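Participant: just need the structure, nothing else, for what follows:
(2 chains)
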Amino acid sequence: MPVTTIGKSLILDGELQGTSGLSIQGIVKGKIEIDNTITVEKGAVIKADIKAKDVQILGEVKGNISASGNVHYMEDCTVVGNTTTARILIADGASIKGSVHINI
Amino acid sequence: MSKKVQENITIFHEDISFMGKVAGDEAIAVAGHMEGTIQTSQDLSIEKTGTVKADIKAASVTVSGALVGNVDSKGVVSITKTGRMVGDIKASRIIIQFGAQFKGSVITKESSAGKNSQQISRKPASGSKTKR
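Facilitator: Numbers count the residues shown, from 1 in each chain, chains lettered A, B, ... in the order given. Okay, here's the model as predicted:
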């Protein structure tokens, strides 16, 4: 399945939904709901609630994150918001402010 | 990075839908569904599977899918044979292919833009010109 990549010069303000993979390099505000993997690349800025299967953050996110699968907070990422997930990985160097809730 | 290189293109695939505002400086292709406003300094293309309900401002626009909304472009707006569009077009040039569906008004502004583009030779800034 193709991955939709939001380029680094793009600014999206609104509601993004879908089932294909998503990779964000630009700025997204609003709401994101993807039944697949979301990758927030380095340099990307998200001010939105994220709901997805798997989430991988390398950039900056302000908003609540909810994943049915895995959440990866890679080094140098910034996350402000609450996280709900089944499995989580937080790498050394990740900046996080918010609660983490792991469903067992 | 002063050269105008079309290095990036953002493709909104078939199973992606977006409602809201998109703005940026890169080429955009829409194969999914989009509603709102789209603004880019580069080209926009609405693919066969794309359905867009938005006001558009782009360098050039190609419609192969469905578009409802107004288009404002400094370049070429083209509706291909699979394209369907309802809305007004403001562009310097326009192409509507045989088989395309279109309902709306068209304004082309070729006349003034064409004359200015004739001035190719660049004169040095110093001289009699003092204004600007």
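
Participant: give me the beta-bridge partners of the closest residue to chain B within chain A?
Facilitator: Chain B sits closest to A:G14 of chain A, with a gap of 1.3 Å, by CB to the nearest CB. From N, CA and C alone the C-beta is placed, and that goes for glycine too. Here A:G14 sits in beta bridges with A:G30, B:G20, as judged by DSSP bridges.

Participant: okay, it: pLDDT?
Facilitator: On pLDDT, A:G14 comes in at 96.

Participant: same thing with the one 10 residues further on?
Facilitator: Here the pLDDT value assigned to A:I24 is 96.

Participant: check contacts around it.
Facilitator: Counting by CB atoms under 8 Å, 6 or more residues apart in numbering or on different chains, A:I24 touches A:5-6, A:38-41, A:44, A:46, A:59.

Participant: quick check: bridge partners of it?
Facilitator: Here A:I24, judged by DSSP bridges, has bridge partners A:I6, A:V40.

Participant: what parts of chain B come near chain A?
Facilitator: Contact residues, chain B versus chain A (CB under 8 Å from any CB of the partner chain): B:8-26, B:28, B:32, B:36, B:40.

Participant: next step: these restricted to strands.
Facilitator: B:9-12, B:16-24, B:28, B:36, B:40 (DSSP state E).

Participant: show me which of the residues you listed are buried.
Facilitator: Neighbour counting with 16 or more other CB atoms under 10 Å in any protein chain shown marks B:10-12, B:16-24, B:28, B:36, B:40 as buried within these.

Participant: and which of the residues you listed is nearest chain A?
Facilitator: B:G20 (1.3 Å).

Participant: what's the burial count for residue 32?
Facilitator: By default, I'm working from chain A. A:I32 has 27 neighbours, counted by other CB atoms under 10 Å in any protein chain shown.

Participant: ah, no, chain B please
Facilitator: 24.
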